[in-house]
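# Here is the input, now give the coordinates:
(2 chains)
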Amino acid sequence: MPIVAEFLIAALIVVGAFFLLVGSFALAKLPDMMRRLHGPTKATTLGVGSVLVASMAYAAVVRGTLSMHELLITLFLFLTAPVTAFMVSKAHILRDRPERAKLPPTGSEKGWATLDPSPGSTDELAGFER
Amino acid sequence: MITLACQIALVAIGLSVVFNVYRIVAGPDVLDRILALDTMVINAIALIVVIAMLFEAPTYFEAALLFAMVGFLTTVSFCKYLLRGNVIE
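Numbering: from 1, shown residues only, chains lettered A, B, ... in the order given. Okay, the predicted model is just below:
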């Protein structure tokens, strides 16, 4: 294995592990739910992406074949991390009434996170206030 | 050099999982625990990939892909349950 490729792969692995550690430390350390969301959704996703890129480069250098599994996992994680963060923050706003009172008005009759049905749907949970 | 990097990464990811377990135990709200479990799944994926590189076993990647899918699905369904009181309406 060429020394440049080896050095590059090792650096990618260490950088990815560092970002995973930073994200998890932010999750443990930060004082607030909304601030805690930042660590896992940004730093941890970047870290696992870096580790997966390192694995892809390793497979390409050692076996000589480009492995597509890692690219698939990276793509899936990068697509799903924002959705997860959005769902968690929406559930948080809905569950936490003092947090919701601090938010500015939305400018329409609907709130930021609501249990009201989407426009045009018929829902038996409509108007259910927590 | 790659073996050394993998060992450093294993230690760091293990420490990250310890932080996640702390947040699962101490989290004041159920959403903190959901977020910590999601982070733990991501850490597990990284751990699987690093172990696959260390032992040169390419069959681990299906496990990593399954972990990614199941972790996303459980997080979203937990949040959906908290939002609507129901998973599938």
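
# which element is residue 87 on?
Looking at chain A here, since you left the chain open. helix A:69-95 (DSSP states H and E).

# Correction: the question concerned chain B.
Per DSSP H and E, there is no helix or strand for B:V87.

# residues near it, how many?
10 (other Cβ atoms under 10 Å in any protein chain shown). The way it works is simple: take the backbone N, C-alpha and C, and place the C-beta from them, glycine included.

# ok so, going back, quick one: mean pLDDT over the helix holding A:M87.
Summarised as a single mean, pLDDT over helix A:69-95 is 87.

# can that helix be found next to chain B?
Yes: judged by Cβ under 8 Å from any Cβ of the partner chain, helix A:69-95 and chain B are in contact via A:69-70, A:72-73, A:76-77, A:80, A:83-84, A:87-88, A:90-92, A:94-95.

# Please give the number of neighbouring residues around the residue lying closest to B:G71 once chain neighbours are set aside.
Closest residue to B:G71 in three dimensions, ignoring its sequence neighbours and counting by Cβ to Cβ, 6 or more residues apart in numbering or on different chains: B:V41, at 3.2 Å. Close neighbours of B:V41, defined as other Cβ under 10 Å, add up to 20.

# Can you tell me the SS state at A:P104?
coil (DSSP: H, G, I helix; E, B strand; the rest coil).
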